[in-house]
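Asker: need a 3D model of the following:
(2 chains)
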There are 2 protein chains.
Amino acid sequence: QIVELVKNHFSEVPYLKQKKILITAGPTREKIDPVRFFTNRSTGKMGYALAEAASLAGADVTLVSGPTNLPTPANVKMFRVESAEEMYQHVMDHFKYCDVVIKSAAVADYRPKHVYNEKMKKQTGDLILELERTTDILKTLGEQKEHQLLVGFAAETNNIAEYAKKKLVSKNLDIVVANNVTEAGAGFGTDTNIVTLYKRDGSQLELPLMSKLDAAKAILREVKHLMDEEKA
Amino acid sequence: QIVELVKNHFSEVPYLKQKKILITAGPTREKIDPVRFFTNRSTGKMGYALAEAASLAGADVTLVSGPTNLPTPANVKMFRVESAEEMYQHVMDHFKYCDVVIKSAAVADYRPKHVYNEKMKKQTGDLILELERTTDILKTLGEQKEHQLLVGFAAETNNIAEYAKKKLVSKNLDIVVANNVTEAGAGFGTDTNIVTLYKRDGSQLELPLMSKLDAAKAILREVKHLMDEEKA
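Answerer: Numbers count the residues shown, from 1 in each chain, chains lettered A, B, ... in the order given. I've put the predicted structure just below:
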């Protein structure tokens, strides 16, 4: 009980006051026609938990979210988008004015090259669908960042540590939050997560199974530590 | 108010008592890898409304549903599935014992030919995705039906009447419920619908904008009329 009291007290300290934090959440939808689309299993829970935790910590939070069934967290500026391209536009609009960007959205890497205006009628036999790459938002942010702290996610099914460390370097990130989305209690749709934080200085922080809100608070405390170190 | 009373009274008459009704609802998901999939904008609302209305009318209702965020309606046998193939299996398991099948699910027509076991890593440049046809559940039911009444849906964006009438014949249906999914107040995700019923005898019933539950009741009354006519 005392632990809970201390925890609650800590979470209410506005340790991110006057910090502008941009968070992305949820999947994107890449249209094939007015009815069909490509997407992924992200439900937005991790990103919304980050927005809630950042707001509780006193930050000025902007949430850019793909389609989810989650309510808008309190005291958060919300922008709802559908495609990777729309998410890219909104993120770039806000990036300059941010202290921290946390990209937890599962943005589609590919979109159909041709989008049909009318519902595609099915044919007999196979169908070849041509896909093209979407803009790599995280990479663009990594290239353009000045003072901003950049946190990315790596949702993987295999070789997690290897992919996470590679992403940290190739995208010029400060922290990568990695999780194995096939593990019980972690990944898409669950209320809990099991994450490991890989940091720019080479250190890593392995967290046990916890609620996504507690994982969000742990991530934000690391963000705060990094900001304090940069000031020192 | 009297109209409401009469309506409520009518809806509580168990006019489908002892009838076994199989309803399908929602979209299907066709996996590309453990994270990515193809789907469509169906939210399951029309199918769940049909299940609720049929149950209120005293029917023995089985609902086979793709992934939705809707709660299971009261007094309904529920099977949750993900892919078109799983939906096909469950529908065929129950078909023989049914009096009526209402296929309101938006089943994927195509699925990726190859499903990756691990999350696909993105490459530079375009990607060619090969898709193959899924089993046409409605067509299979139309070919195998004996005593069953078969109701299909046509969610279209253009040439609605033409496609609906074609579907009635090509799939050997008794009723096609057609709607324009691009019209305001109709289609995916809304709580209302605007439908036209095309019947085997060539007649059609055009309904105005109404709640999906009222549209469901109107569809079930037509089903009841057809059953009575066949008996007579």
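
Asker: contacts and neighbour counts: CA atoms only from here.
Answerer: Fine.

Asker: for chain A, what lies in contact range of chain B?
Answerer: Contacts of chain A with chain B, taken as Cα under 8 Å from any Cα of the partner chain, map to A:34-41, A:69, A:109-110, A:118-119, A:122, A:124-133, A:156-158.

Asker: measure stretch A:98-105 end to end?
Answerer: The first residue of stretch A:98-105 is 17 Å away from its last residue (Cα to Cα, to the nearest Å).

Asker: tell me the mean pLDDT over that stretch?
Answerer: Stretch A:98-105 shows a mean pLDDT of 97.

Asker: could you export stretch A:173-185 as CSV, CA atoms only?
Answerer: Extracted in CSV, the C-alpha atoms of stretch A:173-185 (Å, rounded to 0.1, in the frame of the first residue of the first chain):
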residue,chain,number,x,y,z
LEU,A,173,16.9,7.6,-32.3
ASP,A,174,17.6,8.3,-28.6
ILE,A,175,15.6,5.3,-27.3
VAL,A,176,14.1,2.3,-29.0
VAL,A,177,11.3,0.5,-27.1
ALA,A,178,11.3,-3.1,-28.2
ASN,A,179,8.8,-5.8,-27.6
ASN,A,180,8.1,-9.3,-29.0
VAL,A,181,4.5,-9.0,-30.2
THR,A,182,4.1,-12.8,-30.2
GLU,A,183,4.8,-13.1,-26.4
ALA,A,184,1.8,-13.6,-24.1
GLY,A,185,1.1,-10.3,-22.2
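
Asker: buried ones in that stretch, by neighbour count?
Answerer: A:173-182, A:185 (16 or more other Cα atoms under 10 Å in any protein chain shown).

Asker: of those residues, which belong to strands?
Answerer: A:175-180 (DSSP state E).

Asker: out of the residues you listed, which is nearest to chain B?
Answerer: A:Asn180 (10.6 Å; Cα to the nearest Cα).

Asker: got a list of what that closest one touches?
Answerer: Contact analysis of A:Asn180 by Cα atoms under 8 Å, 6 or more residues apart in numbering or on different chains lists A:155-158, A:160, A:186-187, A:194-195.

Asker: make it 6 Å
Answerer: A:156-157 (Cα atoms under 6 Å, 6 or more residues apart in numbering or on different chains).

Asker: can you check A:Lys19 too?
Answerer: Counting by Cα under 6 Å, 6+ apart, A:Lys19 touches A:59-60.

Asker: then the one 5 residues further on?
Answerer: When contacts are counted by Cα under 6 Å, 6+ apart, A:Thr24 is found next to A:63-65, A:103-105.

Asker: helix, strand, or coil at it?
Answerer: What DSSP: H, G, I helix; E, B strand; the rest coil gives for A:Thr24 is strand.

Asker: quick check: bridge partners of it?
Answerer: Judged by DSSP bridges, the bridge partners of A:Thr24 are A:Val64, A:Lys103.

Asker: what about the helices in chain A?
Answerer: A:2-12, A:45-56, A:84-95, A:137-144, A:160-170, A:212-231 (DSSP state H).

Asker: by mean pLDDT, point me to the weakest helix or strand of chain A.
Answerer: Every helix and strand in chain A was compared by mean pLDDT, DSSP states H and E; the lowest is helix A:2-12, with a mean of 58.

Asker: so A:Val177 sits against A:Ala155, correct?
Answerer: No: using Cα atoms under 6 Å, A:Val177 makes no contact with A:Ala155, being 8.4 Å away.

Asker: right, so the helices of chain A: which one is the most enclosed?
Answerer: Highest mean neighbour count of the helices of chain A: helix A:45-56, a mean of 26 (counted as mean count of other Cα atoms under 10 Å in any protein chain shown).

Asker: for that helix, packing partners?
Answerer: Contact here means 3 or more Cα pairs under 6 Å, 6 or more residues apart in numbering or on different chains; DSSP states H and E; on that basis helix A:45-56 packs against helix A:212-231.

Asker: now the helix it packs on: mean pLDDT?
Answerer: 94.

Asker: what packs against it?
Answerer: helix A:45-56.

Asker: what about chain A, which residue is the most distant from its middle?
Answerer: When distances are taken from the C-alpha mean of chain A, A:Thr124 lies farthest, 39.7 Å away, according to Cα atoms, centre = their mean.

Asker: what's around the closest residue to that residue other than its chain neighbours, how many residues?
Answerer: Counting by Cα to Cα, 6 or more residues apart in numbering or on different chains, A:Thr124 lies nearest to B:Arg133, which is 7.4 Å off, once chain neighbours are set aside. Residues contacting B:Arg133 under the criterion other Cα atoms under 10 Å in any protein chain shown number 17.

Asker: residues in contact with the residue nearest the centre of chain A?
Answerer: Centroid-nearest residue in chain A, with Cα atoms, centre = their mean: A:Ser104, separated by 0.6 Å. With contact set as Cα under 6 Å, 6+ apart, A:Ser104 has these partners: A:24-25, A:47, A:153.

Asker: now render the helices of chain A as JSON lines, adding distance to B:Phe95.
Answerer: Formatted as JSON lines, the helices of chain A follow (distance: least, Cα to Cα, whole Å):
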{"stretch": "helix A:2-12", "distance to B:Phe95": "54"}
{"stretch": "helix A:45-56", "distance to B:Phe95": "38"}
{"stretch": "helix A:84-95", "distance to B:Phe95": "41"}
{"stretch": "helix A:137-144", "distance to B:Phe95": "48"}
{"stretch": "helix A:160-170", "distance to B:Phe95": "45"}
{"stretch": "helix A:212-231", "distance to B:Phe95": "42"}
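
Asker: looking at the ones you listed, which is closest to B:Ala74?
Answerer: Checking the helices of chain A against B:Ala74 by Cα to Cα gives helix A:45-56 as the closest, at 28.0 Å.

Asker: list the contacts of stretch A:152-172.
Answerer: A:103-104, A:139, A:142, A:176-182, B:118-119.

Asker: and stretch A:109-117, by the same measure?
Answerer: Contacts with stretch A:109-117, where a contact means Cα under 6 Å, 6+ apart, come from A:30, A:32-33, A:130-134.

Asker: for it, give the mean pLDDT please.
Answerer: 95.
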